[in-house]
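A.B. asks: A predicted structure for the sequence below; I have some questions about it.
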Amino acid sequence: MNRVFSGVQPTGDIHIGNYLGAIRNFVKLQDEADCFFCVVDLHAVTVPQDPKILRQKTLEVATLYFAVGIDPQKSTVFVQSAVPAHAELAWMLQCITYFGELGRMTQFKDKSGGKENVSVGLFTYPTLMAADILLYQTDVVPVGQDQKQHLELSRDLAQRFNQRYGETFRVPEPFIGEIGAKVMALDDPAKKMSKSAGNPNNRIDLLDDARTVQKKIARAVTDSGSEVRYAPEDKPGIANLMSIYSSLSGETMVQIEERYQGKGYGNFKGDLTELLNAELGGIQSRYQELQESGKVLQFLEEGAARALAVAERTLNVVKERMGFKYF
Ligand code: ATP
Ligand code: LTN
């Protein structure tokens, strides 16, 4: 059985980009693979965090994992900081990661650009991500398009380590869906939908209520004209909304174009709002139930124990290979 690993940071609010690009694929994969899904709180502290809010957000992401349909019986769901092997392997991998390699990471350039006092952790962030993945001898990593470069680094580090110290890590493959892999911002279709963007109107959060969704979609940037036509170059705003529509309804772009022929943007936006609210409504009621059940911490504790056992196995081999094994 294939091993799957992925992670989401407990920063900001989880939005439909995270859902359609990554988390929804987690749910599909759990029936065919041995899945590990992590809330990567060590990654979150690469930029300043309030400890109380970090803890609250970590539990929120974990609860959302279960609310979207990740089953704690089928998948191992855990918090990264509960498994010390992640930080330990990250150090070892940092020592085979080149400065130049990390300097080329576009996410680092975007997130550090124009800022003073950028942490070293933000720079080495992709190496910690490689440690997450390699510890579990992962075959497949479901992520959005923006993580492709980080995945390449994970593959390079696995191969480099194997060459220097002998076969130790499986070399992971990315799994990037065709539709939804890059959901763009509602207020600016040239940028990706993002948790850390200042304007909350850039995104639809999984926990947004129906009225907020309606307002955000009504305000979403469209293009001149009124034709619902898929033309990412000429009409990036409407193309982005059509991608979201298609991800939710399963219809192709041609089918959507036919359905809205002669009907204009207003009609299309109304139906998209309904589709979104139907999907989010189900997630939100399961979220509520999970919160009330008080079971999330227990699931996470069981998950951490399972993850720890697998991670320790790999870490022991790494230590042996590197000359760190004495007893
Ligand atoms: P930030 O924008 O603050 O960096 P983020 O929204 O990218 O945060 P992450 O926790 O970094 O959130 O990402 C979680 C998962 O969601 C990753 O697999 C990432 O590739 C995916 N993802 C993030 N944004 C999008 C998007 N706009 N479209 C599709 N997938 C996305
Ligand atoms: N960097 C990722 C989050 C992440 C991740 C991982 C994803 C951390 N570790 C391991 C897949 C596998 C992001 O979405 N920004």
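C.D. replies: On my side now, so go ahead. Numbering: from 1, shown residues only. Ligands and ions are numbered 1, 2, ... in the order given.
A.B. asks: Please count neighbours and contacts with C-alpha atoms only from this point.
C.D. replies: Fine.
A.B. asks: Give me every residue in the chain lying close to ligand 2.
C.D. replies: The chain comes close to ligand 2 at residues 5-9, 40, 129, 132-133, 141, 143, as judged by C-alpha under 6 Å from any ligand atom.
A.B. asks: got the residue ranges for the strands in the stretch 151-300 of the chain?
C.D. replies: Assigned by DSSP state E, counting those that start in this stretch, the stretch 151-300 of the chain shows strands spanning 173-175.
A.B. asks: can you pull out the helices in it?
C.D. replies: 210-219, 236-249, 253-259, 264-293, 296-322 (DSSP state H, counting those that start in this stretch).
A.B. asks: how about these, which one is nearest residue 106?
C.D. replies: For those, the distance to residue 106 is smallest for helix 236-249, at 22.4 Å, taking C-alpha to C-alpha.
A.B. asks: ok, and for the closest one, which residues are buried?
C.D. replies: Within helix 236-249, the residues scored as buried using 16 or more other C-alpha atoms under 10 Å are 236-248.
A.B. asks: is that helix up against ligand 1 anywhere?
C.D. replies: No. Using C-alpha under 6 Å from any ligand atom, helix 236-249 stays clear of ligand 1, with a minimum separation of 10.0 Å.
A.B. asks: Now do that helix: distance to the chain's middle.
C.D. replies: How far helix 236-249 lies from its chain's middle: 19 Å, per C-alpha atoms, centre = their mean, to the nearest Å.
A.B. asks: swap in stretch 15-33?
C.D. replies: Taking C-alpha atoms, centre = their mean, the mean C-alpha location of stretch 15-33 is offset from the chain mean by 9 Å.
A.B. asks: Please state the mean pLDDT value computed over it.
C.D. replies: In this model, stretch 15-33 has an average pLDDT of 96.
A.B. asks: again with stretch 57-65
C.D. replies: 98.
A.B. asks: and if you look at stretch 260-272?
C.D. replies: 95.
A.B. asks: Kindly report the same for stretch 138-145.
C.D. replies: Mean predicted lDDT for stretch 138-145 stands at 96.
A.B. asks: what does this protein have sitting close to ligand 1?
C.D. replies: With C-alpha under 6 Å from any ligand atom as the criterion, the chain meets ligand 1 at residues 8-9, 17-18, 21-22, 143-147, 180-184, 192-196.
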